[in-house]
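> sequence plus predicted model, see below.
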Amino acid sequence: MGKQYVQDAYSGDGYGDGRAISVGEVLVPNPSDETTIDPDSYRDAVETSKQYYPDHACRYELQLKGSGATPFCRGGDGRTVLRSSIREFLASEAMHFLGVGTTRALCLIASEGEKKKVFFGLKKKKMEGDFSIRPWYSDKKKAMARTINEDDPRLAGYSSNDKREIINQYAIRAKAEPDSVIEEKCAMTTRVCQSFIRVGHFDLFARRVEMIQANSEAEINLRETNEYKELELFLWHACYREFHDEAYAPYYEQKNTKAAALALLECSMSKIAEMVAGWIRVGFVQGNFNADNCLISGNTMDYGPFGFLDVYHPLASKWTAPSDHFGFMNQTKAGFANFTTLLESLLPIIETSGGNVDVIRKDILTKAEVLFSESLSKALRSKMGLELGPQDVLEEADNLWKEIEPLLRLARADWTLFWRQLTYVALNFSSSSDSATPSVSKMMKMLLGNEDTNPFYDTLSAEQEATLKSWLEKWFKLLKTCHKYYLSQPTPRTMAPPCERMQLANPKYTLREWMLVETYSKANGDKYTQGDYSLIHELHELSKHPYSEGTPGQHKKYYRRAPDESLRTGGTAFMS
């Protein structure tokens, strides 16, 4: 994390598979005031363009992912298979409806092309449609993760809590690489975003500038080098595409590159921090959040080894590679590291424009560190319904998270179920009442749900039950204080009360991997059955309303803990 990669010139590092191709841009009509448009102006195409397509009009870049080989696919075939395409299509749409910045999926097309089979770019035997060979997990073995239990003799000298901690740590790391290669049908996704400008793009241009400086024996005028001019041009392009009003319009005519760079950093800092906090709020792990997979706009992209949490663990990640630095609760640090790379990439422009880079670097990173940390704290407070209240309550809310986190980790809590069940406690035991705190036993009963919705995968010990009851009492007391604070505001009706805000912070439905496996397996079909896309439509519809209660059928099928086998099976619990 934070390391500059020098293998390939693919957006600044050597991770990319080079399967994306930009095919065009859509400019959306955006007149500032339709009543001022003269119908006669339609005779003048130029004038019409100015009125309907001002500089700040919405622009969307279209990319094909998986359409074939590119100069950057490093010997691969440049294709995507139906399995990964379905995952990206559904997950990006789900992220949008969860309220977290993301690229969107315009369409998904399964390949019905010429009869051929592709193996790393080489044509093999003829088949119906396009197929590729990919490493994956065999049906026979399914690469079940190794497990240990408390009776393991190696754990004999540890306390019960320490044993659980070690077992959970072991489970997080006990991942297996694919044990076979399988034939999969190809597909192609069209994804859409305002732009796909990555932190890695800036890193690439900036390192070219650094190389010129390092390799020049004589003193050079950096501004006159092609490398510097490219970096500066890319800065203006990024400002225009992503932060037009904040970083482009005020500074472009004066060519004030220093001010533009600082404005871009300010905007990007806020957006990336907001996005990463949003991931943690909804239980999403990106899995490979390096600078190449980080858009400066703070939109989620590259849905590869991602996953929505089943079992909570701060280091949880689907990716089989050693990736603690991209683990669930470390994503804020990874986002900060990516922002640091963006800052370092723009420092040559700031320095050339007369800025004191040492002072500016320190000031911006200090501000960013506070912002990333506070964004995470705010997201966690929102899950408890405590993000709006007196300052002392906000501080107590932060402590509440620190108190409950060990229990969630050791008892293997389901991230989605725990917070949604807690929301039901808030909704059913009115925090607006002045009466005494309701029976903690009744709150516990509602929190623990039934056999399917109990948010803990492990049975709670007596000590853990006592800890949870004590925590519930403290939390509910603070929730009542926040409700009183809400009513004391001059215009409380303009915002929802705490329990309703909890409902909008804690989704009921997220796209768990066991849901997606069933969906893409059915869509792929087999040699006896044709592909069935009905579950794609079913999950797409479910993901449009993640905070609603859903239909009785949706509740029964999708609001439940993950099947035990899916927590240890290759391709579901972990993947390459």
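Nice, thanks for sending it over.

> can we go C-alpha only for contacts and neighbour counts from here?
Fine.

> go through the helix or strand hosting residue 234 and flag the buried ones.
Using DSSP states H and E, residue 234 falls within helix 226-242. Within helix 226-242, the residues that count as buried by 16 or more other CA atoms under 10 Å are 227-229, 231-232, 234-236, 238-242.

> contact partners for residue 414?
309-312, 455-457, 561 (CA atoms under 8 Å, 6 or more residues apart in numbering).

> in three-state terms, how would residue 381 be classified?
Per DSSP: H, G, I helix; E, B strand; the rest coil, the local secondary structure of residue 381 is helix.

> for it, give me its contacts.
Residue 381 neighbours (CA under 8 Å, 6+ apart): 387, 394, 397-398, 401.

> show me which of those are buried.
By 16+ other CA under 10 Å, the contacts of residue 381 give 387, 394, 397-398, 401 as buried.

> in strands, which of the residues you listed fall?
Here DSSP state E is the test, and the buried ones among the contacts of residue 381 give no hits in strands at all.

> of all those residues, which comes closest to residue 316?
The closest of these to residue 316 turns out to be residue 401 (CA to CA; 17.8 Å).

> lowest-pLDDT helix or strand in the chain?
None of the helices or strands of the chain scores lower by mean pLDDT, DSSP states H and E than strand 122-123, at a mean of 50.

> please, which helix or strand holds residue 464?
Assigned by DSSP H and E, residue 464 belongs to helix 462-488.

> what's that helix packed up against?
helix 391-410, helix 440-448, helix 498-505 (3 or more CA pairs under 8 Å, 6 or more residues apart in numbering; DSSP states H and E).

> save the ones you listed as a markdown table, and put in distance to residue 324 and mean pLDDT too.
Compiled in a markdown table, these are given as follows (distance: least, CA to CA, whole Å; pLDDT from 0 to 100):
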| stretch | distance to residue 324 | mean pLDDT |
| --- | --- | --- |
| helix 391-410 | 16 | 95 |
| helix 440-448 | 30 | 95 |
| helix 498-505 | 26 | 93 |
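
> among the ones you listed, which is the most enclosed?
Highest mean neighbour count among the helices and strands packed on helix 462-488 (mean count of other CA atoms under 10 Å): helix 498-505, with a mean of 23.

> go ahead and name everything in contact with the following helix or strand past it.
The C-terminal neighbour of helix 498-505 among helices and strands, as given by DSSP H and E, is helix 513-524. Helix 513-524 has contacts (CA under 8 Å, 6+ apart) with 82-83, 86-87, 184-185, 307-308, 530-536, 558, 562-563, 566, 571-573.

> how about 7 Å then?
83, 86-87, 307, 531-533, 535-536, 566, 572 (CA atoms under 7 Å, 6 or more residues apart in numbering).

> where do the helices sit along the stretch 151-300 of the chain?
Here the stretch 151-300 of the chain has its helices, by DSSP state H, counting those that start in this stretch, at 160-173, 199-215, 226-242, 257-282.

> the last one to helix 199-215, inter-axis angle?
Our comparison of helix 257-282 with helix 199-215, counting by axes from the mean of the first three to the mean of the last three CA atoms, to 10 degrees, yields an angle of 140 degrees.

> and helix 257-282, what does it pack against?
Here helix 257-282 touches helix 331-352, helix 357-383, going by 3 or more CA pairs under 7 Å, 6 or more residues apart in numbering; DSSP states H and E.

> switch to 8 Å and redo it
With contacts defined as 3+ CA pairs under 8 Å, 6+ apart, helix 257-282 has these neighbours: helix 226-242, helix 331-352, helix 357-383.

> closest one to residue 199 among the ones you listed?
Nearest of these to residue 199, taken as CA to CA: helix 331-352 at 5.6 Å.

> check which residues of that closest one are buried.
Going by neighbour count (16+ other CA under 10 Å), the buried part of helix 331-352 is 331-350, 352.

> low-confidence ranges, the stretch 401-550 of the chain, go.
431-437, 492-493 (pLDDT under 70).

> if we can go back for a sec, tell me which of the contacts of residue 414 is nearest to residue 217?
residue 309 (53.0 Å).

> now that closest one: how far from residue 275?
According to CA to CA, to the nearest Å, residue 309 stands 17 Å off from residue 275.

> the two: which has the busier surroundings?
residue 309 (26 against 23; other CA atoms under 10 Å).

> residues touching the more buried one, list them.
Residue 309 neighbours (CA under 8 Å, 6+ apart): 283-285, 316, 414-416, 512.

> next up, the contacts around residue 344.
residue 361.

> report pLDDT for it.
Per-residue confidence for residue 344 comes out at a pLDDT of 97.

> thanks a lot, see you next time.
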